[in-house]
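J.: Quick one: sequence and predicted model below, then my questions.
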Amino acid sequence: MTISKETLQKLAQFDTPTICNVIELFDVRPRNVGYMDHRIRCAYPELSPMVGFAATAAFRSAAPPDGKAAYGSLAQQLELMAGLGGPAVIAIQDVDDPPAAAVFGEVMCSTYRAFGAAGLVTSGAGRDLEQVRALGFPVFTGSTICSHGYCHLLHLGEPIRLGGLVVQTGDLLHGDANGVTNIPHAIATQVADAAGEFVAAEKDLLDYMQGSAEKSAARAAELLQELAAATSALRKRLAE
């Protein structure tokens with residue numbers, strides 16, 4: 001399914017928790033699946049949300065390649081990115097446990113960014129964090145290690161697991177300071193269109209709770225009921 005550039009731009013206007021809230025309205029999956037857990041952390045929470053299509057790979061660095069396994073290269077990664085039909089999110093599972101060395105650094109992130117990648121997500125470690133920050137390139141990682149060890153890519157384009165989430169090449173990922181979620185392709189355009197309505201539905205309650213006016217339980221209850229009604233109405237409309 002083709003997802004337009006306009007839809008991607010709309011999705012990038014909203015934080016990841018809002019995107020998760022809107023996905024729940026469609027009842028297309030259980031509420032406790034579809035997102036990465038605490039092991040995947042945002043390295044640069046000050047950056048705007050990352051939105052793009054996963055380009056998957058496996059990685060290890062604990063020992064040199066033995067010449068028998070199927071290995072990938074950075075050039076092959078760039079070819080994989082080119083076939084996604086939109087900005088890539090480099091998604092790399094580190095199969096060493098625990099991670100032995102850094103999956104990414106300044107050179108790799110500079111290369112990915114130069115070829116239009118929207119960001120990188122890995123279960124492994126990173127390095128050159130200040131240099132990558134200067135690139136404005138979003139990365140989500142499990143840890144930091146200063147050396148690259150015997151780094152080498154394994155298979156490219158195959159399903160991987162990151163923070164408890166199975167990620168396949170082409171999956172639409174959205175991430176920010178709060179974490180990373182998968183957006184089902186079939187509802188991506190509707191999610192992008194509905195996110196603004198969801199934010200608007202929360203506004204009156206949030207303005208009241210965060211404002212300086214004296215609070216009353218009665219008014220809070222009214223606003224909570226209004227939010228529930230607005231959310232229910234939005235859910236019904238999206239189901240039509």
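T.: Great, that's in hand.
J.: Gln77: neighbouring residues, count only.
T.: By the criterion of other Cβ atoms under 10 Å, Gln77 has 24 neighbours. Yep, even glycine has a C-beta here, placed from its N, CA and C like the rest.
J.: Can you tell me the element it falls in?
T.: Element membership for Gln77, per DSSP states H and E: helix 74-82.
J.: Mind listing the strands the helix or strand that comes right after that helix pairs with, and their directions?
T.: Next helix or strand after helix 74-82 toward the C-terminus (DSSP H and E): strand 88-94. In the sheet, strand 88-94 lines up against strand 50-60 (parallel), strand 119-122 (parallel) (DSSP bridges).
J.: Buried deepest among these, which one?
T.: strand 119-122 (a mean of 28; mean count of other Cβ atoms under 10 Å).
J.: What lies in contact with that strand?
T.: 36, 40, 50, 52, 54, 59, 89-94, 103-104, 109, 112, 137-142, 162, 167, 173, 175, 180 (Cβ atoms under 8 Å, 6 or more residues apart in numbering).
J.: just the helices in the chain please.
T.: In the chain, the helices defined using DSSP state H lie at 5-11, 16-24, 74-82, 106-114, 129-135, 188-210, 217-239.
J.: Can you point out the buried residues in the second one?
T.: Using 16 or more other Cβ atoms under 10 Å as the test for burial, helix 16-24 gives Thr16, Thr18, Ile19, Cys20, Asn21, Val22, Ile23.
J.: Can you give me the domain assignment for this protein?
T.: 29-183, 190-239 (automatic domain parsing).
J.: Please identify the most buried of these.
T.: Buried most deeply of those, by mean count of other Cβ under 10 Å, is domain 29-183, with a mean of 18.
J.: how about Thr169, what does it touch?
T.: Phe53, Ala54, Ala55, Thr56, Leu80, Leu84, Gly157, Glu158.
J.: would you list those residues in a markdown table and tack on pLDDT and distance to Ala229?
T.: A markdown table is the format used below for the contacts of Thr169 (pLDDT from 0 to 100; distance: Cβ to Cβ, whole Å):
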| residue | pLDDT | distance to Ala229 |
| --- | --- | --- |
| Phe53 | 98 | 36 |
| Ala54 | 98 | 37 |
| Ala55 | 98 | 42 |
| Thr56 | 98 | 41 |
| Leu80 | 95 | 46 |
| Leu84 | 95 | 40 |
| Gly157 | 96 | 45 |
| Glu158 | 97 | 45 |
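J.: JSON lines please, covering those and showing distance to Glu197.
T.: Below are the contacts of Thr169 laid out as JSON lines (distance: Cβ to Cβ, whole Å):
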{"residue": "Phe53", "distance to Glu197": "25"}
{"residue": "Ala54", "distance to Glu197": "27"}
{"residue": "Ala55", "distance to Glu197": "32"}
{"residue": "Thr56", "distance to Glu197": "33"}
{"residue": "Leu80", "distance to Glu197": "36"}
{"residue": "Leu84", "distance to Glu197": "29"}
{"residue": "Gly157", "distance to Glu197": "36"}
{"residue": "Glu158", "distance to Glu197": "38"}
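J.: for the closest residue to Asp171 other than its chain neighbours, which residues make a bridge with it?
T.: Once flanking residues are discounted, Asp171 sits nearest to Ala54: 4.4 Å by Cβ to Cβ, 6 or more residues apart in numbering. On the basis of DSSP bridges, Ala54 is bridged to Val89.
J.: Tell me where this protein is predicted with low confidence.
T.: 1, 68-70 (pLDDT under 70).
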